[in-house]
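Undergrad: Mind folding the following:
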Amino acid sequence: SEVLEKASAEVIRLWVFWSGKRKMNVEKEVREVVGFIKELGTPNANGQYVLTFGDYFNSDDVQNTLENPFATLKAAKKRGVIDFEGEMLWQGQHNHVELVLLNENY
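TA: The predicted structure is shown next:
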C-alpha cells in the first residue's frame with residue numbers, strides 16, 4: 001500500500017541519516033584519540049607519540065569526552081591511525097600496552 005511505502009521510505013531515510021551521523025561521530029572521536037595521545041603521550045625513538053593504555057583509560061579527559069574509549073581505540077586501529085599489541089585491551093591487565101600514534105594528521 002501507499003502508506004506502507006511511505007513509512008518504509010521514512011525508515012530508510014532515518015537509517016541513512018543516523019548511520020551517517022554515527023560515522024561522523026566515530027571520525028570525530030578518532031581525531032580526539034589522536035589529540036589525547038599527542039597531549040598525554042611522549043615521543044618514542046622513532047618520533048611517534050606513545051601512550052600506555054592505562055594512562056589513556058585513566059584520563060578524566062578521555063572518560064569525559066569519548067562515548068566508548070575502547071571502541072574508539074579499535075576504530076582508530078582499524079583506520080591505521082594507531083597501533084597496539086593484540087585485539088582486546090582490558091583495564092588493569094593491559095595497562096602497560098603502548099598505544100602508538102601512526103598518523104598524527106588524521
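
Undergrad: so what's the nearest residue to residue 96 once chain neighbours are set aside bridging to?
TA: With CB to CB, 6 or more residues apart in numbering as the criterion, residue 96 has its nearest non-adjacent residue at 6.0 Å, and that residue is residue 52. Where C-beta positions appear, they are placed from N, C-alpha and C, glycine not excepted. Under DSSP bridges, the beta-bridge partners of residue 52 are residue 98.

Undergrad: can I assume residue 52 is in contact with residue 91?
TA: No - using CB atoms under 8 Å, residue 52 makes no contact with residue 91, being 11.6 Å away.

Undergrad: okay, those two: which has more neighbours?
TA: Ranked by neighbour count (other CB atoms under 10 Å), residue 52 and residue 91 place residue 52 first, with 17 against 12.

Undergrad: ok, the more buried one - contacts?
TA: Listed by CB atoms under 8 Å, 6 or more residues apart in numbering, the contact partners of residue 52 are 95-99.

Undergrad: hmm, 10 Å instead?
TA: 40-41, 58, 84, 94-99 (CB atoms under 10 Å, 6 or more residues apart in numbering).

Undergrad: Now rank the residues you listed by neighbours and give me the top one.
TA: Of the contacts of residue 52, with other CB under 10 Å as the count, residue 99 tops at 25 neighbours.

Undergrad: quick one: that residue and residue 41, what's the gap?
TA: Separation of residue 99 from residue 41 (CB to CB, to the nearest Å): 7 Å.

Undergrad: and if you look at residue 51?
TA: Distance from residue 51 to residue 41, by CB to CB: 3 Å.

Undergrad: shared neighbours of those two, anything?
TA: With CB under 10 Å, 6+ apart as the test, residue 51 and residue 41 both reach 98-101.

Undergrad: which neighbours do residue 99 and residue 41 share?
TA: Counting by CB under 10 Å, 6+ apart, the common neighbours of residue 99 and residue 41 are 49-52, 55-56.

Undergrad: one step back: adding distance to residue 72, write the shared contacts of residue 51 and residue 41 out as JSON lines.
TA: Formatted as JSON lines, the shared contacts of residue 51 and residue 41 follow (distance: CB to CB, whole Å):
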{"residue": "98", "distance to residue 72": "17"}
{"residue": "99", "distance to residue 72": "11"}
{"residue": "100", "distance to residue 72": "16"}
{"residue": "101", "distance to residue 72": "14"}
